[in-house]
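A.B. asks: kindly generate the corresponding structure for this input.
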Amino acid sequence: GTELAPMSGTTSLTVAVQYALGHAQGDTAQALMFKIVARSFIDRGADLGFLSCFPGEAEWCYPPLTYLSPTGRRERHAIGGTLFEIVEVEPRFSS
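C.D. replies: Residues are numbered from 1 along each chain as shown. Next up is the predicted model:
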């Protein structure tokens with residue numbers, strides 16, 4: 001789908017899992033996570049790490065109207081009792 005607002009992501013799986021687990025509850029909790037794959041430097045978001053208050057934080061920002069195109073690749077992993085559906089997507093920017 002297309003995000004109407006700026007969108008951020010992280011290169012840290014630990015950070016992504018912490019955010020997802022913050023909303024998951026119960027014994028059969030499930031979470032959806034996007035794995036953003038940029039095929040070239042043009043498709044990468046802006047690196048905001050230098051603006052972070054937290055040392056070593058790796059955050060990327062994508063502009064409004066970024067379309068996340070599914071590649072068809074999916075993975076399932078259980079982490080901390082939560083089943084994660086990981087969908088690989090490629091960012092596409094509006095022109």
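A.B. asks: scan the chain for its longest strand.
C.D. replies: Assignment by DSSP state E gives strand 66-79 as the longest strand of the chain.
A.B. asks: now for Gly22: which residues touch it?
C.D. replies: Listed by C-beta atoms under 8 Å, 6 or more residues apart in numbering, the contact set of Gly22 is empty. From N, CA and C alone the C-beta is placed, and that goes for glycine too.
A.B. asks: these two touch, right, Val17 and Gly81?
C.D. replies: No - in this structure Val17 lies outside contact range of Gly81 using C-beta atoms under 8 Å: 11.8 Å.
A.B. asks: okay, those two: which has more neighbours?
C.D. replies: Neighbours were counted for Val17 and for Gly81 using other C-beta atoms under 10 Å; Val17 has more, 18 against 11.
A.B. asks: contacts only, for that one.
C.D. replies: Applying C-beta under 8 Å, 6+ apart, the residues near Val17 are 33, 79-80, 84.
A.B. asks: ok, so of the residues you listed, who is nearest Tyr62?
C.D. replies: Nearest to Tyr62 out of the contacts of Val17 is Met33 (C-beta to C-beta; 15.7 Å).
A.B. asks: ok, and the closest non-adjacent residue to Val89?
C.D. replies: On the basis of C-beta to C-beta, 6 or more residues apart in numbering, the spatially nearest residue to Val89 that is not a chain neighbour turns out to be Leu68, at 4.0 Å.
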